[in-house]
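Peer 1: Provided below are the primary sequence and the corresponding predicted coordinates.
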Amino acid sequence: MSAKELNYNNIMNEFSQVISTQSNDLKNENANMSGDTASGKMMKFASIGAKDFALENLVNPVYSDLHKKALIHIHDLDYYPTKSATCVQYNIEEIFENGFKTRNGLIREPQSIGVYAELAAIIFQTCQNEMHGGQAIPAFDYFLAPGVNKSFRKALKRNIEQYFQFLNEEINVKKLEEILKDEEITFKELEFEHVKRHVLSDKFTPEVYDTIRTMSIKNVEHETDQAMEGFIYNLNTQHSRGGNQVVFSSINLGTDTSKEGRQVTRSLLKALRNGLGNGETSIFPIVIFKVKSGVNFDEKSYQEAMNMSQEEWFKEERVWKTANFDLFLDSIRTTSARLFPNFMFLDQQYNQHELWKANDKKSWYYEPATMGCRTRVFENVNGPKTSVGRGNLSFTSINLPYIALELLQDEGLLKDGKINYEKAKFSDLKQKFIKKVNEYSGDVCDQLYDRYKYQISAVAKEFPFLMRNNVLTGGNELEPDEFVESVFKQGSLTVGFIGLAEALKALLNVHHGESDDAQEFGIKIIKEMNKVTDDWKNKTHLNYGVIATPAESVAGRMAKFTRKTYGSIPEVTERDYFTNSNHVPVYYNIAAIDKIKIEAAYHPITLGGSISYVELDGEAKKNLHAILSIINAMRISGTNYGSLNHPVDRCKNCHYTSLIPLNCQMCGNSDISRTRRITGYLVGDLDGWNQGKQAEESERVKHKI
């Protein structure tokens, strides 16, 4: 059978899997998409065809072959022909201030927190189909805070009007209208004399003002609560992404210390804790709380919190040294119940910006933000150092275990699925493996450059919303038929990796969780990748970097192909998955603090994105001190981005939410929704996971709390 005939048969076989009513890995490749729906099936048909077209017509045959063998994995290959980029961090402030353009007309600037939140969700879904990855807002609290102020001015005006209507007194309505345009009137921050000038009446006394002010604050607190609830509902119900998916959305928050910004964060966390209609944990948006000393963290407050009951943390009269420490504790409470927020640590040296100032209202521009799974875009050789208005263009990952086994076979140390460590010269193996890593990293950089050249052959009109609304910085300066290079060159090109643990196990008979020597060599491997990406950065003047790959289907695909080539090797290829990037294997029993320290060592050398997880046993919400101490351990250890996994179970009959080992403790029902994290996002039931990820989840070691 010719190669062409074989390829045709493979495609027909995949099409048959798509229309099958049985669950299979092809349909479950993306746990965020239902392969059973009509739209999901159509998406899979398109994906299969587009991947084949890209591999046969667009990708260099050398790299196409490496991908087919699973030596490398070109991510989002089905979107390769579209020239689209991966992800973006929106400047919602700019989009709102200018109004944004759609195909059907201009959407003007919102005038209340409810509309701010609604339009934020609409922007997510409008832009989603012009990119193939996630969408994120880098400073959600800062960007929506003006909506709180506008709603407060409206509430203040309305309540003053109603007061005088109740008195049956005339008032200068035109003068009162000035309140709506008085930007010095902000949420909770206004003096009687300032408001008095808009109310020309002796009946408007300080006592009346205090009552109206209190009422207006309560009105806006409730309105903001409702707005945040609606925002979360929208992002979990609007299946506007191809394949009947909801938008892959993320929001970063936590550093706005203004009263209006704090209200946005408080209401958002409250909505997260409340869940959806029947108490379900919301899957999107991924929420990231940015931790920064002097803003929402300080050592004195931390020690005080550790020495008091968790109930005392949330008393209204409680005052902390740092402005937003109460919101940090609120985020601890929320993640213990809903698995979000995750935590990004801005104090790490690589996350600091020389232009950041504490009292600068634009300080958010100089704070790194992350995409939900882990993607980080901050450094920039072609413009300002910022996350805002930028994103990843594409990334490709290297199969480290395959390369390790390839080397062992070349050295005559691998035969019939067994590695002869007695004859191994480890120093030679290390040296030769580093050379291979260098070569494959160079291949991937070259492949990324090929894709980049194809991407920048696009013109602005191919991404109308992104460009016209300056979602990607500089896009609004382009004419419809102008090429997008000036915009796309601000993005990042990243080299990823899978299975560092299995590669170390194959080469040294220990992984980095078991041995300091393996940890040292693991770091050397990733530094070598950085050396190559730095060379390509200097050579091309593009933002090359290294990412700790967020692998979903790839972890299983690479393991399957590697096992098929080299056989089943204990602790290397025997499982249905490879360990994600530089993580300590999920099945390895290790203390949480040791896992954190080992993985944190890789974060400064994976600036394209990284994350560390700690898997917890038991009900996290009953021991917030443990959660707080783990998050602080991440901060101290140098972690860039961290998250906690723990069981979140819900009875589908009575909606009881807690840790449910088997049957519901309240009604005895056995139909339980078990929300777990896959890669970077949540999934309500494990049935939609692919085989590799189901196997990985079942082996996760749980740490006691």
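Peer 2: Cool, got the structure.
Peer 1: where in the stretch 551-700 of the chain is pLDDT low?
Peer 2: Scanning the stretch 551-700 of the chain for pLDDT under 70 picks out 678-700.
Peer 1: could you pull out the strands for the stretch 551-700 of the chain?
Peer 2: Per DSSP state E, counting those that start in this stretch, the stretch 551-700 of the chain carries strands over the ranges 612-615, 641-645, 648-651, 657-658, 672-678, 681-683.
Peer 1: Ignore what I typed, I meant the stretch 101-250 of the chain.
Peer 2: According to DSSP E, counting those that start in this stretch, the strands that the stretch 101-250 of the chain contains are 105-107, 135-137, 249-253.
Peer 1: Include mean neighbour count when you put these into TSV, please.
Peer 2: The C-beta positions use only the backbone N, C-alpha and C, and glycine is treated the same way. As requested, the strands of the stretch 101-250 of the chain are arranged in TSV below (neighbours: other CB atoms under 10 Å):
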stretch	mean neighbour count
strand 105-107	12
strand 135-137	27
strand 249-253	29
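Peer 1: To L478, which of those lies closest?
Peer 2: strand 105-107 (18.6 Å; CB to CB).
Peer 1: for the closest one, the distance to its chain's centre please.
Peer 2: 29 Å (CA atoms, centre = their mean, to the nearest Å).
Peer 1: Stretch 401-417 now?
Peer 2: 36 Å.
Peer 1: What of stretch 44-52?
Peer 2: With CA atoms, centre = their mean, you get 26 Å for stretch 44-52.
Peer 1: got the buried residues for that stretch?
Peer 2: 44, 47-48, 50-52 (16 or more other CB atoms under 10 Å).
Peer 1: hang on, D182 packs against F152?
Peer 2: No - under the criterion of CB atoms under 8 Å, D182 is not in contact with F152, lying 11.0 Å apart.
Peer 1: Of the two, which one has the most company?
Peer 2: For D182 versus F152, neighbours defined as other CB atoms under 10 Å are more numerous around F152 (30 against 16).
Peer 1: Can you tell me which helix or strand of this protein has the lowest average pLDDT?
Peer 2: Across the helices and strands of the chain, mean pLDDT, DSSP states H and E gives its lowest value to helix 691-698, namely a mean of 57.
Peer 1: picking that back up, ranking the strands of the stretch 551-700 of the chain by burial, who's on top?
Peer 2: Among these, strand 641-645 has the highest mean neighbour count (mean count of other CB atoms under 10 Å), at a mean of 24.
Peer 1: just checking, what packs against it?
Peer 2: strand 342-345, strand 612-615, helix 624-637, strand 672-678 (3 or more CB pairs under 8 Å, 6 or more residues apart in numbering; DSSP states H and E).
Peer 1: what helices or strands is the last one leaning on?
Peer 2: To tie it back to what came earlier, the one meant is strand 672-678. Other helices and strands packing on strand 672-678, by 3+ CB pairs under 8 Å, 6+ apart, are strand 641-645, strand 648-651, strand 681-683, helix 691-698.
Peer 1: Can you list the strands that it pairs with?
Peer 2: Here strand 672-678 is paired, per DSSP bridges, with strand 648-651 (antiparallel), strand 681-683 (antiparallel).
Peer 1: K531 touches N438, doesn't it?
Peer 2: Yes - the pair K531 / N438 is scored as a contact, 7.4 Å apart, by CB under 8 Å.
Peer 1: Tell me which residue is most central in the protein.
Peer 2: Residue closest to the mean C-alpha point of the chain, counted by CA atoms, centre = their mean, is G372 at 0.4 Å.
Peer 1: Okay, I526 and S581: tell me how far apart.
Peer 2: Computed as CB to CB, to the nearest Å, the I526 to S581 distance reads 9 Å.
Peer 1: Just want to know which of these two has more residues nearby.
Peer 2: Of the pair I526 and S581, S581 is the one with more neighbours under other CB under 10 Å, namely 28 against 23.
Peer 1: Assess the claim that that one and I498 are in contact.
Peer 2: Yes - S581 lies in contact with I498 (CB under 8 Å); the separation is 6.7 Å.
Peer 1: Can you check which residues contact both of these two?
Peer 2: Here S581 and I498 have 549, 551 as joint contacts, going by CB atoms under 8 Å, 6 or more residues apart in numbering.
Peer 1: any residues in contact with both of I526 and S581?
Peer 2: With CB under 8 Å, 6+ apart as the test, I526 and S581 both reach 497, 500, 602, 606.
Peer 1: quick one: which of those residues sit in helices?
Peer 2: Of the shared contacts of I526 and S581, the ones assigned to helices by DSSP state H are L500.
Peer 1: So which of the shared contacts of I526 and S581 is the closest to Y209?
Peer 2: T606 (54.6 Å).
Peer 1: give me phi/psi at that closest one?
Peer 2: Phi and psi for T606, reported as degrees, to the nearest 10, are phi -130, psi 60.
Peer 1: Alright, I will stop here.
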